[in-house]
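**Student:** sequence first, then the predicted structure, then my questions.
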Amino acid sequence: MDRDSIDYLKSEALKGDKDASFKVGMCYLHGDKVQQDFSEANKWFVQSAHQGHDQAQFWLGDCYFHGKMVEQSYDEALRWFKLAVKNGNLDATYCLGSIYANGNGVEKNATLSVQYFQVAAHRGDLDSQYSLGYCYYHGEGVEKDYEEAKKWFGFAAEKGDPGSIFWLGHMYYTGEGEEKNLERAASFFHYAAVHGHPKAQVRLGVCFSNGEGVEVNHEKAAEFYRLAAEQDYEQGQYVLAMCYANGVGVDHDLRESFVWFLLAQRAFGNDDTFMRNFMMVENALNEEQKREAIKEASIRSSEIRAKSELKNSGYQLY
């Protein structure tokens, strides 16, 4: 019998082979060799997980965390992640660290979060290395230590992690733990920005707006602000709104400015400066223009958030 066939995998799984059980689950999940069936996939993942397969245990934890194929339950997610961690699973170790950092279904515990990140980071997990750097930089669960932050961001940056490269750039920009170097900061921001990091996109836009480490280029600044805005990053939406309001880097367009102000509004609440700029643009529009902008903002918001949700795993620190 072909060892890659679904019949062979099932026969081995029924004999207690946890790897075979997991592979059968993956076949049903992706419709490989069988018709796609999420219920069957879950059944085989559960069997593999009960047999001690760490990746199946992690997978079940992830399913319960997000409510994929099962009813969402942080308690069940926590249970399966902890079992996977006991079996040495790095993905689950990172996820537990993030769960305790963010307080997803548990009381926030920064100290415990760091302990999980340290275990996985020392074993080479990129996400945990980034997160540990973040904790040291902000003093979350550990004493603030820029040298340790730089070290762990550096490990992840060597693997091309945009978030870590952004924070290293930020340290060069501010002179925290590094001698201030705007040219190098802009270089780091550029790498992270073109790899999709929204904070880096805004920060690089600021560099182009102010001539910090690069020559002033308002058109490029607006391009990077837009990239961040279209990822549902409110700071990017706000600065792009200001670009349209003032005609800097883009054509002057108060209606388009108002659309971006509406999208950014939820993050800024009643911030005095934001509201003053918001009302300046709103008061310059007639009622028909405002109605059109509100309708456009609603459509754009749905599109942007749908894309953003596809990219967000729910575990990240920022």
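**Tutor:** Ah, there it is.

**Student:** which SSE is V216 in?
**Tutor:** Secondary structure assignment for V216, by DSSP states H and E: no helix or strand.

**Student:** you'd agree it is up against V206?
**Tutor:** No. Assessed by C-beta atoms under 8 Å, V216 is found out of contact with V206, at 11.3 Å. Placement of C-beta: from N, CA and C, glycine included.

**Student:** these two - which one has more neighbours?
**Tutor:** Neighbours per residue (other C-beta atoms under 10 Å) separate V216 from V206, with V206 holding more: 18 against 12.

**Student:** contact partners of the helix or strand where that one lies?
**Tutor:** In the assignment (DSSP H and E), V206 maps to helix 198-210. Outside of helix 198-210, the residues within contact range by C-beta atoms under 8 Å, 6 or more residues apart in numbering are 162, 165-166, 169-170, 173, 182, 185-186, 188-193, 212-214, 216-218, 220-225, 227-228, 231, 233, 235-236, 239, 248-249, 318.

**Student:** among the residues you listed, name the buried ones.
**Tutor:** Among those, the ones that count as buried by 16 or more other C-beta atoms under 10 Å are 162, 165-166, 169-170, 173, 182, 185-186, 188-193, 212-214, 218, 220-225, 227-228, 231, 233, 235-236, 239, 249.

**Student:** just those residues: which are in helices?
**Tutor:** Those of these mapping onto helices are 162, 165-166, 169-170, 173, 182, 185-186, 188-193, 218, 220-225, 227-228, 235-236, 239, per DSSP state H.

**Student:** which strands and helices sit next to the helix or strand bottoming out on mean pLDDT in the chain?
**Tutor:** Counting by mean pLDDT, DSSP states H and E, the chain has its least confident helix or strand at helix 287-311, which shows a mean of 89. Under the contact criterion of 3 or more C-beta pairs under 8 Å, 6 or more residues apart in numbering; DSSP states H and E, helix 287-311 touches helix 254-268.

**Student:** coming back round to it: the helix holding V206 vs helix 287-311, what angle?
**Tutor:** Relative orientation of helix 198-210 and helix 287-311, computed by axes from the mean of the first three to the mean of the last three C-alpha atoms, to 10 degrees: 130 degrees.

**Student:** flag every buried residue along helix 198-210.
**Tutor:** Of all the residues in helix 198-210, those buried under the rule 16+ other C-beta under 10 Å are P198, K199, A200, Q201, V202, R203, L204, G205, V206, C207, F208, S209.

**Student:** now stretch 272-288
**Tutor:** For stretch 272-288, by 16+ other C-beta under 10 Å, it's F274, N277, F278, V281, E282, L285.

**Student:** contacts only, for the first one.
**Tutor:** With contact set as C-beta under 8 Å, 6+ apart, F274 has these partners: Y238, A264, Q265, F268.

**Student:** can you do 10 Å?
**Tutor:** E234, Y238, A241, M242, F261, A264, Q265, A267, F268 (C-beta atoms under 10 Å, 6 or more residues apart in numbering).
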